[in-house]
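*Asks:* Need the 3D shape of this:
(2 chains)
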Amino acid sequence: MEQKYSPKSIETKWQKYWDDSRVFEVREDPDKEKYYLLEMFPYPSGRIHMGHVRNYTIGDVVARFMRMRGYNVLHPMGWDAFGMPAENAAIKAGTHPARWTFDNIDYMRNQLKQLGFSYDWSREIATCTPQYYRWEQLFFLKMYEKGLAYRKSSYVNWCSTCGTVLANEQVENGVCWRCDTPVVQKEMEQWFFRITHYVDELLENTLKLPGWPERVLTMQQNWIGRSTGSRVCFPLETGEGNIQVFTTRADTLFGATFLSLAAEHPLVPDLCRGKPGEAAVLDFIQKAKQSKRNEREADLLEKEGVFTGGYCINPVTGKKMPVYVANFVLMAYGTGAVMAVPAHDQRDFEFAKKYDLPIDVVIKPAGAQHPPRASELAGADEEYGILVDSAEFTGMDSETARVAITEALAKKGLAELTVQHRLRDWGISRQRYWGAPIPMVYCEKCGVVPVPEKDLPVELPLDVELLENGGSPLPVHKPFYSTRCPQCGAEARRETDTMDTFVESSWYFARYSCPDFDKGPLARQKVKYWMPVDQYIGGIEHAVLHLLYSRFFVKVLRDLGYLEVDEPFQNLLTQGMVIKDGFKMSKSKGNVVDPDVMIKTYGADTVRLFCLFAAPPEKDLDWSDQGVEGSFRFLSRLWRLVWENIDTLKNAPSFDGDDLSSDLAALRRKTHQTIKKVTEDIRERFHFNTAIAAVMELVNLTYQVLENRGDHPMFLAVVREAVEAVVVALSPMAPHICEELWQAMGHEKILLDTPWPTWDEGALKAEEILIVVQVNGKLRSRLSVPADATDAQIEQISLSDPRVGEFMGGKQPRKVVVVPKKLINIVV
RNA sequence: GCCUGGGUGGUGGAAUAGGUAGACACAAGGGACUUAAAAUCCCUUGGGGCUUGCCCCCGUGCGGGUUCGAUUCCCGCCCCAGGCACCA
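*Replies:* Alright, predicted model coming up:
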């Protein structure tokens, strides 16, 4: 054993050992309980960053801990290897995206190995290989057969910088999630996955995921945005046709005085045709269409509209209602048409004021005698209340009336109760090269034809010239797009769009159970053994992207018969960001800390320890160079503790249950308390910071006891027990140094294969315990009493304490509260 | 506007079932060892007070409340972060 702690050599030594002996490779074992631990796999962008280090360190601690506790732990790693940065980098550097990607993977794999993570590398996946994406193409075909993948023309989000469309989830505040370019609307033919088919299950199951953070579930619930209401028909004045409206407030129907349509509503051209204002209407539509998504301050945008010239009939009052086009009505939600109730909807109120439209009050507050006068309203009253001026519904409360009015109209076929969702189908077409080809063919005669299963995979051609302008080369790469129609054999053209890369990450976790299986996407027995993922760990930024898509995909795969689980991830841990000097690490801020430099300077164990110690996992981690220094100092101190006592530790006897002196009993108690605390902190809360703090306390106490070395025969046994507890308890966090110390102390079996220690309840008990004495709720004294003292005895001892007497001021206790073995409060 | 979190020393953070607020660490200051430095070790470190005591008072965003006792529970505010947002 070296005197000085030098991480470099011991880390290489153990990493080589783990690699050579393939200790982390696992297979299905029906006799062992499985534990599938997964961290979100990285995009191979070049090098790993501190966020990855933190994410994977957290996962590694759990994996190693569970392994030592006897579980059959699956802990795989791979690469989310399709994506735009590869194309951009390749154009810039004059290389090929594949080359760039695989080079990065090699570099990053090496970085991960240097951090000592316990991955089963035999299961490594790269999603850009045909062995992986061919199955995704198969899923696409099966989904197409079931109508879960379909093609339609619609307005889609277009990012001009990325040169491709984006799903709704990938637009954040009107800008592209990747490059912050304002997103515009473009009408295009696109492939969609019918995620809305699973909307109810996706929503309901959020209640069946107790192992997920509340806020992630709320975000998904918000995103799905279920609202219950009614669909109501407003017949056109002409007697031909009607306008359908979705409303959550059918109780206010008697107050509906006009209708507002979205600019894109298909009836608008008909309504204004030949009317005096036609030109003005068409002009308004043009302007409205241009300013959608990227209007960030939607709130500030003034409500504007124009009269179409057409009228509807209110189905309950029979009154004529003018039909307007309004800039705040969205075609994408509901039916693209809104019944306007200015007295009870703020937007309609503002609109009515502006264009001088009638305002009819039909709801009064629950306690009020009379409803307010319409002319005196300063704003809409959107609260539920009691109906007024609503024919036979007058006097009903809003909630009852909402249903009653809908049902009354339903008898005439003019309304029904319905549910609306904010969630839209997932647009997966991307006009990019570096992605999985969509296995479809366009034939002049046969139309859209799926590629037969036997012809899969549709391989992404690697011999392409990338285009300077960044566009996809596939539409101009004849060997790829030129094909024969699978149906009629005529010349045909392949789909040249590729799939959203979120499709790959929606099922990779299942593929890890059988990465090399080539008879199908998933080997039934293996998937059944390993799925679902027991613990998933990753960043919060995927709350409604990857995590929602994966939940959807698992349901699809289940219904296609490939999987038997309903949900992919039993438990989810979302770790915070790594920040420095108050900002997220980024090149532009110049506050990036390079993991390679840190590992080189301090070793992987120090870097890992710091990531775990500086904050609990769900909080942001403030990177501090001095903090890292501190972690290194602690590991050096631990090294010294063993080195300075190596011979005595090696030859120390085992503890045989003798009576101990008080300081030895205290050390032994601390040892077992620490084992208990570390076990519970990891198992129940993933609070590694407090677990490490507990180990530090044990190290400090061990040093103290060694300082005042007595001549008790069990001295060395107790010290040895303490040091071993430190090394074992710390080993999931700092595995290299702990293996090394374990070996140095004379153990033949490696620490990793040593069962996680249990604590001795007997050792936790002290003979004397500290009782806190309060008088009138204020701390006045601390007393040491025998551990078996009864409440009455504690009370008696406390009352006889001179300090207590002083604060009682000679008065008699009015009440005495005793918390057993902890505290007594004397009230006078 | 709505929905989640969160606000504790100079800093990161502890306090897990209402029971000693500030564990553990960083930083700072003082000291020991050394010719000197590094490393290491020891002491002090929320604020205030004096009678310097293992003392007293105050203190967990603010104001109330419940309780023998509140960082923890309840009510009303303020501030910060994240999500959703003209969603009918």
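*Asks:* What's the per-residue pLDDT of the residue sitting nearest the centre point of chain A here?
*Replies:* Geometric centre of chain A, nearest residue: A:A543, 3.6 Å, by CA atoms, centre = their mean. Here, the pLDDT recorded for A:A543 equals 86.
*Asks:* Now do the same contact list for it.
*Replies:* Applying CB atoms under 8 Å, 6 or more residues apart in numbering, we find A:A543 in contact with A:215-216, A:219-220, A:574. In short, each C-beta sits where N, CA and C put it, glycine included.
*Asks:* Just the closest of those to RNA strand B, please.
*Replies:* Distances from these to RNA strand B were compared by CB to the nearest atom of the strand; the smallest belongs to A:R215, at 2.8 Å.
*Asks:* So what's the predicted local confidence for A:T758?
*Replies:* With respect to pLDDT, A:T758 scores 94.
*Asks:* Let me know the pLDDT of the nearest residue to it once chain neighbours are set aside.
*Replies:* With CB to CB, 6 or more residues apart in numbering as the criterion, A:T758 has its nearest non-adjacent residue at 7.3 Å, and that residue is A:I675. A:I675 carries a pLDDT score of 97 in this model.
*Asks:* circling back: now, which of the contacts of A:A543 lie within strands?
*Replies:* In strands, defined here by DSSP state E, the members of those are A:T574.
*Asks:* okay, among the contacts of A:A543, which ones form the most distant pair?
*Replies:* With distances taken as CB to CB, the most widely separated pair in the contacts of A:A543 is A:Q220 and A:T574, at 12.4 Å.
*Asks:* related to what we said a few turns ago, tell me which residues of the helix or strand containing the residue nearest to A:T758 are tucked away?
*Replies:* Assigned by DSSP states H and E, A:I675 belongs to helix A:662-680. Using 16 or more other CB atoms under 10 Å as the test for burial, helix A:662-680 gives A:663-679.
*Asks:* now could you export just the CA positions of that helix as CSV?
*Replies:* Included here for helix A:662-680 are C-alpha records, laid out as CSV according to Å, rounded to 0.1, in the frame of the first residue of the first chain:
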residue,chain,number,x,y,z
SER,A,662,-17.6,3.9,27.3
ASP,A,663,-15.6,5.4,24.4
LEU,A,664,-15.4,2.1,22.6
ALA,A,665,-19.1,1.5,23.1
ALA,A,666,-19.7,5.0,21.7
LEU,A,667,-17.6,4.2,18.6
ARG,A,668,-19.3,0.9,18.1
ARG,A,669,-22.7,2.6,18.4
LYS,A,670,-21.7,5.2,15.9
THR,A,671,-20.5,2.5,13.5
HIS,A,672,-23.9,0.8,13.5
GLN,A,673,-25.8,4.1,13.5
THR,A,674,-23.8,5.0,10.4
ILE,A,675,-24.6,1.7,8.6
LYS,A,676,-28.3,2.3,9.4
LYS,A,677,-28.3,5.9,8.3
VAL,A,678,-26.4,5.2,5.0
THR,A,679,-28.6,2.3,4.2
GLU,A,680,-31.8,4.2,4.8
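*Asks:* is RNA strand B contacted by that helix?
*Replies:* Yes. Contact check for helix A:662-680 against RNA strand B, using CB under 7 Å from any atom of the strand: residues in range are A:677, A:680.
*Asks:* And RNA strand B, is the helix or strand just after that helix touching that?
*Replies:* Counting by DSSP H and E, the next helix or strand C-terminal to helix A:662-680 is helix A:688-707. Yes. For helix A:688-707 and RNA strand B, the contact criterion (CB under 7 Å from any atom of the strand) is met by A:689-690, A:692-693, A:696-697, A:700, A:703-704.
*Asks:* farthest-separated two in those?
*Replies:* In terms of CB to CB, the residues of helix A:688-707 next to RNA strand B reach their longest pairwise distance at A:N689 and A:Q704, which sit 23.0 Å apart.
*Asks:* quick one on the thing from earlier: just the buried members of the contacts of A:A543?
*Replies:* In terms of neighbour count (16+ other CB under 10 Å), the buried residues within the contacts of A:A543 are A:216, A:219-220, A:574.
*Asks:* Filter those residues down to the ones in helices?
*Replies:* With DSSP state H as the criterion, helices contain A:216, A:219-220 from among the buried ones among the contacts of A:A543.
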